[in-house]
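>>> sequence and computational prediction follow.
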Amino acid sequence: MPQEPTEVQVRPGDEADLGALTEIYNHYVRETAITFDTVPFLPEERRRWLLSHPKDGPHRLMVAQAGNSGKPDILGYATSGPLRAKPAYATSVEVSVYCDPRAAGRGVGTLLYRSLFAALEGEDLHRAYAGIALPNAASVRLHERFGFRHIGTYAEVGRKFHRYWDVAWYELPLGPRD
């Protein structure tokens, strides 16, 4: 069982985390509409995703772990990645957080976002965006706690588990204002 959030360390992710991160993500693929991926991944299939998050720059991967000796217990992760591929979007990122179901509701998501946004300070970023498949009251609360504001909802934009899901979009200003 994961330890309490006061004993959680947050650090940049690395290749040694790939198996645990894939396992956490696959839970959401199999069991929820939180992600619109529909087929679980093998760790090798997620390696490119992991490597797209270096330890510096605007696209980061932060990992929460309990314990610091032996095999750490990975509790979740938060990422920032490209919002869109076109160059004019470079100062915007899409952020997300995924917690091991055993760690949900224990403050791990808050610790992860706090660390992610601290790591992004000083980067040439203007906005962060988060898409939340609805309903997901816990994710809405987390994002609003960090100052995100709702900017719109795509109605029935994704189909998973034989039904359509809405996605609410949230925005957070980052960095200095031009």
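Structure's in. What do you need?

>>> where does pLDDT dip in this protein?
Low-confidence segments of the chain, defined by pLDDT under 70: 1-6, 68-71, 176-178.

>>> quick one: the helices in it?
In order along the chain, the chain carries the following helices (DSSP state H): 18-31, 43-51, 108-120, 137-145.

>>> distance from the second one to the middle of the chain?
Translated: helix 43-51. Taking C-alpha atoms, centre = their mean, to the nearest Å, one finds the center of helix 43-51 at 15 Å from the center of the full chain.

>>> beta partners for residue 96?
Note on residue 96: beta-bridge partners by DSSP bridges are residue 79.

>>> quick check: it touching residue 130?
Yes: in this structure residue 96 lies within contact range of residue 130 using C-beta atoms under 8 Å: 6.6 Å. To be clear about C-beta, it is placed using only N, CA and C from the backbone, and glycine gets the same treatment.

>>> gap between the two ends of stretch 127-141?
19 Å (C-alpha to C-alpha, to the nearest Å).

>>> export stretch 73-83 as CSV, just CAs?
Output of stretch 73-83 as CSV, limited to C-alpha atoms (Å, rounded to 0.1, in the frame of the first residue of the first chain):
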residue,chain,number,x,y,z
ASP,A,73,6.5,2.4,-5.3
ILE,A,74,5.4,4.6,-8.2
LEU,A,75,2.2,6.4,-7.2
GLY,A,76,1.6,8.5,-10.3
TYR,A,77,2.9,11.0,-12.8
ALA,A,78,2.2,14.4,-14.4
THR,A,79,3.3,15.5,-17.8
SER,A,80,3.4,18.6,-20.0
GLY,A,81,3.5,18.0,-23.7
PRO,A,82,2.8,19.8,-27.0
LEU,A,83,-0.7,21.2,-27.4
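
>>> distance of residue 158 from residue 55?
Counting by C-beta to C-beta, to the nearest Å, the gap from residue 158 to residue 55 is 32 Å.

>>> between those two, who's got more neighbours?
When residue 158 and residue 55 are compared on other C-beta atoms under 10 Å, the one with more neighbours turns out to be residue 158, at 16 against 11.

>>> quick one: contacts for that one?
Residue 158 makes contact with 33, 36, 133, 164-165, 167, according to C-beta atoms under 8 Å, 6 or more residues apart in numbering.

>>> again, only this time at 10 Å
Contacts here follow C-beta atoms under 10 Å, 6 or more residues apart in numbering; on that basis residue 158 touches 33, 35-36, 38, 131, 133, 164-167.

>>> repeat for residue 38
Contacts here follow C-beta under 10 Å, 6+ apart; on that basis residue 38 touches 29-30, 158-161.

>>> can you put these in JSON lines and add distance to residue 86?
JSON lines is the format used below for the contacts of residue 38 (distance: C-beta to C-beta, whole Å):
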{"residue": "29", "distance to residue 86": "27"}
{"residue": "30", "distance to residue 86": "32"}
{"residue": "158", "distance to residue 86": "22"}
{"residue": "159", "distance to residue 86": "26"}
{"residue": "160", "distance to residue 86": "27"}
{"residue": "161", "distance to residue 86": "32"}
